[in-house]
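In: need a 3D model of the following:
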Amino acid sequence: GQRGWWTAYADVFTGSYVALEDEASLIRTWDTQLIHGLLQTEEYARAVITAGRMLPTVADIERRIDARKARQALLNRVDAPKVHLIIDEGVLQRKIGGPGVMRAQLEWLLELGERPQISIQVLPFSAGEHAGLDGRFTILSFADPADPDIAYVEGTMGDVYLESAEAIATHGERFEQIAKASRSPEDSAHLIAEAARSSP
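Out: The predicted model follows:
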């Protein structure tokens, strides 16, 4: 009967995604343009929010950053969900916020990747065509087997939640194919470290 923390940010979050994410035991996400919001540094998030949201005031931007930091707190919980992040290699090369901000973001990504519940893979350019060309998506899984997985696709025209068994199976298979085409977490860490070193 307790209200979720996200209700204090009803002006920021739309839909039910954040509530579902907060309850998930496993978060699998494929991102083609950006580091996933859960793993963003504050300055990287500020650059993304400023560029993408076209918000009218600094206060609006800061409000969204505060909300994002509150959302990220789930990674530090005792029962933190497992996170399997796959990013395109292009994400490492896109200097969001400038070289310094990007270097700090990549270093934070390396630190997060050392946590036992977080697995990070990079899909290299050399993979060529792959199963993730249709764009980013997230699959949320839950501890209770009675709760079905949910696939979430975010877009500028609105968010889409896929719950049918067929759609979930398709996205699950797609994620596995992307994972197989990606570098291992160990090799991915080397790619991330190399990209961090190239950001002066």
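In: list the buried residues of the strand or helix carrying Ala189.
Out: In the assignment (DSSP states H and E), Ala189 maps to helix 185-197. Applying a neighbour-count criterion of 16 or more other C-beta atoms under 10 Å, the buried positions in helix 185-197 are 185, 188-189, 191-192, 195-196. Any C-beta I mention is one placed from the backbone N, CA and C, and that applies to glycine too.
In: make TSV out of those and add pLDDT.
Out: Shown next, in TSV, are the buried residues of helix 185-197 (pLDDT from 0 to 100):
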residue	pLDDT
Pro185	98
Ser188	98
Ala189	98
Leu191	97
Ile192	98
Ala195	96
Ala196	96
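In: hmm, who's touching stretch 28-43?
Out: Contacts with stretch 28-43, where a contact means C-beta atoms under 8 Å, 6 or more residues apart in numbering, come from 21, 27, 44-45, 48, 65, 68-69, 71-72, 74-75, 83-88, 90-91, 94, 96-97, 101, 104-105, 108-109, 112, 118, 132, 135-139, 141, 174-175, 178.
In: next step: those restricted to helices.
Out: Under the assignment DSSP state H, these contribute 21, 44-45, 48, 65, 68-69, 71-72, 90-91, 101, 104-105, 108-109, 112, 174-175, 178 to helices.
In: from the residues you listed, keep the buried residues only.
Out: Judged by 16+ other C-beta under 10 Å, buried ones among the ones in helices among the contacts of stretch 28-43: 21, 44-45, 48, 65, 68, 71-72, 91, 101, 104-105, 108-109, 112, 174-175, 178.
In: name the nearest residue to Asp88, sequence neighbours excluded.
Out: Closest residue to Asp88 apart from its sequence neighbours, by C-beta to C-beta, 6 or more residues apart in numbering: Thr32 at 4.7 Å.
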